[in-house]
Structures are given as C-alpha cells and as structure tokens.
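A.B. asks: requesting a structural model of the entry that follows:
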Amino acid sequence: MIPLFKTHFSIGRSILRLDDVNRICTENNIDEVYIVEDSMAGFPEAFRLFGESLRFGVRFSIFNEDENPESESKIVAYADGDEGCKELYKLYTESFDKKLKTPWFGYNNLKFCIPFYD
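C.D. replies: This is a model prediction of the structure:
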C-alpha cells in the first residue's frame, strides 16, 4: 500500500503540514513520499524537504468533449523527473485557460491516475 498525503497547501482539504508528513514517513520508514495537492503552491517547499524521494501530484478536473459541467471528473498527474515537473507546471497553467479533456496526450513525463471514491 502507498500512502497518499494532502497537506495544508490544498486549502480547506487538510490540516497536515509538510513537517507532519515528514514525521509520519520517518516514524514508519516510508522512503517515497506521495503528495497529491490541488495546486502547485506547496511543491517548492516539499521538494526542499523531501528531495528526490518526493512524488508530487496535482489533482485536476477533466471533462467530456462537450465540456458539460455534469461530466466533470478528477485525475491526478504526477511529475516524473525534472522534465515531468516542467510539464506539470505547464498543465497546471493550461488548466486555468481551458477545460481539460485529454491531458495525457502530449505529456510524456507525467504519470496519471484516476482517484476512486465510494
């Protein structure tokens, strides 16, 4: 099992701070730290703290081709290496300009996952 963390950088979604995540990971011998946020705001601080062991992802809204608000779903994009970080920033910026439909096309250094909530 891989624990996923969301921190106070996802405003209103978590009260965990990065130092809490660090403590939890240290106490439980977790080598790779997976963080899923709603913005890129926490990335610089998280990278300074966790370095290469950080796996940083951002949750985005995606839509069907007709952009119907009822078709909204969520997807998480994780950066894979330095190029992945650049692509994640690019996708994050793009998400403010238009509704995302198929963000997995054109991004070779991102890994995507679909969150499941019951």
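
A.B. asks: just the helices from the chain, written as ranges.
C.D. replies: Along the chain, the segments classed as helices by DSSP state H run 18-27, 43-50, 81-97.

A.B. asks: which strands or helices does the longest one pack on?
C.D. replies: When you say that, I think you mean helix 81-97. Identification of packing neighbours for helix 81-97 by 3 or more C-beta pairs under 8 Å, 6 or more residues apart in numbering; DSSP states H and E yields strand 54-62, strand 73-79, strand 110-113. Every residue, glycine included, has its C-beta placed from N, CA and C.

A.B. asks: follow-up on the earlier one: for residue 62, find the nearest of the helices of the chain.
C.D. replies: helix 81-97 (9.2 Å; C-beta to C-beta).

A.B. asks: tell me the contacts of residue 8?
C.D. replies: 14-17 (C-beta atoms under 8 Å, 6 or more residues apart in numbering).

A.B. asks: now, which of the residues you listed lie within strands?
C.D. replies: Nothing among the contacts of residue 8 maps onto strands, per DSSP state E.

A.B. asks: out of the residues you listed, which are buried?
C.D. replies: Buried subset of the contacts of residue 8 (neighbour count, 16 or more other C-beta atoms under 10 Å): 14, 16.

A.B. asks: cool, thanks, talk later.
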